[in-house]
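> what follows is a protein structure lacking sequence information:
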């Protein structure tokens, strides 16, 4: 509890920065976990430089969508049920954006199944 109270008392800009860093780590982890859930036989060696570029792109797009939609503004204060519904909506927008991006650039491994698990 002491750590939680210390985090709450941080300046808003520092809390936003910490949340952005946490989101970056979670987006990377989500991509890698989804990759292994859908393609379990390919292993860690399949994460080539192209996949690392995909991870970077997904993370960048995700953070931009979250930031532009006010994700970090609302989450640094009270989080009510309406905020939770908006968070779900923002994640759906993020998935649709990724799906559109994959369709435009013809990324076959980045299909609907991948996005639903992601």
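All right, it came through fine. The shown structure was predicted, so the numbers you read here are calculated from the model rather than taken from an experiment.

> tell me the contacts of the residue nearest to residue 71 when sequence neighbours are not counted?
Leaving aside its chain neighbours, residue 71 sits nearest to residue 90 (6.0 Å; criterion: C-beta to C-beta, 6 or more residues apart in numbering). Yep, even glycine has a C-beta here, placed from its N, CA and C like the rest. Going by C-beta atoms under 8 Å, 6 or more residues apart in numbering, residue 90 touches 65-66, 69, 71.

> what helix or strand is residue 90 on?
Here residue 90 sits within helix 81-104, counting by DSSP states H and E.

> helix/strand/coil for residue 40?
Of the three states, residue 40 takes coil according to DSSP: H, G, I helix; E, B strand; the rest coil.

> residue 97 versus that one, what's the distance?
The gap separating residue 40 from residue 97 is 26 Å, by C-beta to C-beta, to the nearest Å.

> got it, and residue 61?
From residue 61 to residue 97 the distance is 6 Å (C-beta to C-beta).

> low-confidence bits of this protein, can you list those?
The chain contains residues with pLDDT under 70 at 1, 4, 42-50, 73-80, 107-112, 115, 118.

> report the buried residues of stretch 19-32.
23, 27-28, 30-31 (16 or more other C-beta atoms under 10 Å).

> got a list of what residue 62 touches?
23, 27, 94.

> no more questions from me, cheers.
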